[in-house]
Every structure is written in structure tokens, then in C-alpha cells.
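Asker: Okay, here's the prediction I keep looking at, along with the sequence it came from:
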Amino acid sequence: MELLSHVRPVLIVVLSAVPGCLAAVLGWRNYRRTGKMKTLDLRLELRKVDAEIKSLVLGLPELLDTAKVSRERVLTASGRAQSGAMQICRDELRKDGERQQRLAQALPADDPDYRGCSPEALEQELVRRRAALGEAKGIASKYERWMADDNLARAQVIANRAKFF
């Protein structure tokens with residue numbers, strides 16, 4: 001009986017500690033799994049942004065060329081081919097072409113492997129890529145607006161010529 005009175009508290013402590021240890025192990029395992037899932041999400045998001053920025057940056061030269069031709073034709077048709085507006089247009093195209101080349105040089109490899117990166121490194125890379133994507137989108141939208149303005153100016157030139165003929 002005396003032995004049972006000494007074993008009983010030990011047995012209670014052991015039986016109480018087992019669920020606590022089990023909960024700690026399961027909690028740690030879930031924490032690690034959540035971290036892996038976060039890393040996977042960041043890698044997937046980074047690859048998505050990589051694909052978007054590559055498509056946009058590599059398409060910018062064609063957009064810049066199209067915008068250049070459009071602007072030159074509109075300025076020529078409106079009698080301002082030798083104006084300061086043409087020189088401003090060329091300067092902006094040159095500067096934005098240089099920005100596009102800088103962005104193109106900073107593009108990631110075709111199939112980068114982000115498996116060894118920590119979540120913090122992935123987050124930093126994602127922030128950098130989103131900034132570059134924003135810059136590329138800004139360039140693209142500028143020249144899309146240029147061409148929309150050129151279409152309006154083109155229609156005005158046609159309307160003005162129709163008055164005389």
C-alpha cells in the first residue's frame with residue numbers, strides 16, 4: 001500500500017506530461033509545415049511575377065517602336081515634323097529605351113530555383129520584382145496613352161483636311 005502511494009503521484013505526473021509533450025511535438029511540426037507552405041506560396045508568387053515582368057519587359061521594344069512611328073506620323077501630318085515636340089518625343093523614347101534595357105538585364109533566369117531561399121529572401125526578391133514590374137507597367141501605359149492621343153490627333157487631322165477637300 002505504501003508503494004502504491006509513492007507510485008500514484010509519479011504515474012499522474014507521467015500521464016499528464018505525455019499529452020503536453022505530444023502537443024508540443026505536434027505544434028512544432030505544424031509550425032514547420034506552415035513555414036514550408038509560406039515558402040511555397042512565396043516561390044509560386046515570385047514565379048508568377050517573373051513571368052509577368054518578362055512578358056512585359058521583353059514586349060516593350062516593340063511597343064516603343066510602334067509608339068515612335070505613330071507619334072512621328074501624327075506630328076508630320078500636323079506639320080510639326082521639325083518641331084520641339086518631335087525632339088521631346090525622341091528624347092523620351094531614348095530614355096525609356098534605356099530603362100527597358102536596364103530592366104531586361106535585371107530579369108531572372110529562365111527557370112530560377114528558389115528552393116534554397118529563406119522566406120525573408122523570397123519576400124525581398126518579390127518586393128524588388130514588383131517594383132520593376134511597376135516601372136515596366138508605367139512605361140507601357142505611357143506609350144499606350146501616347147498612341148491613344150495620337151489616334152485622337154489623327155482623327156482631328158483627317159477632319160481638318162476634309163474641310164478643305
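Answerer: Sure, I can see it.

Asker: Quick check: closest non-adjacent residue to residue 122.
Answerer: Excluding the flanking residues, the one nearest residue 122 by Cβ to Cβ, 6 or more residues apart in numbering is residue 42, at 3.9 Å. Glycine gets a C-beta too; all of them are placed from N, C-alpha and C.

Asker: give the contact list for the one you found.
Answerer: By Cβ atoms under 8 Å, 6 or more residues apart in numbering, residue 42 lies in contact with 114, 119, 122, 123, 126.

Asker: The residue with the shortest distance to the centre of the chain is in what secondary structure piece?
Answerer: In the chain, the C-alpha closest to the average C-alpha coordinate belongs to residue 130, at a distance of 3.4 Å (Cα atoms, centre = their mean). When secondary structure is defined by DSSP states H and E, residue 130 falls within helix 119-164.

Asker: Likewise for residue 108?
Answerer: Counting by DSSP H and E, residue 108 is held by no secondary-structure element, helix or strand.

Asker: what about it, neighbour count?
Answerer: 16 (other Cβ atoms under 10 Å).

Asker: Over to residue 65?
Answerer: Around residue 65 there are 13 other residues, counting by other Cβ under 10 Å.

Asker: can you tell me how far residue 117 sits from residue 42?
Answerer: For residue 117, the distance to residue 42 (Cβ to Cβ, to the nearest Å) stands at 8 Å.

Asker: And residue 120, by the same measure?
Answerer: Distance check for residue 120 against residue 42: by Cβ to Cβ, it reads 10 Å.

Asker: Ok, residue 133 next?
Answerer: To residue 42, residue 133 is 16 Å away according to Cβ to Cβ.
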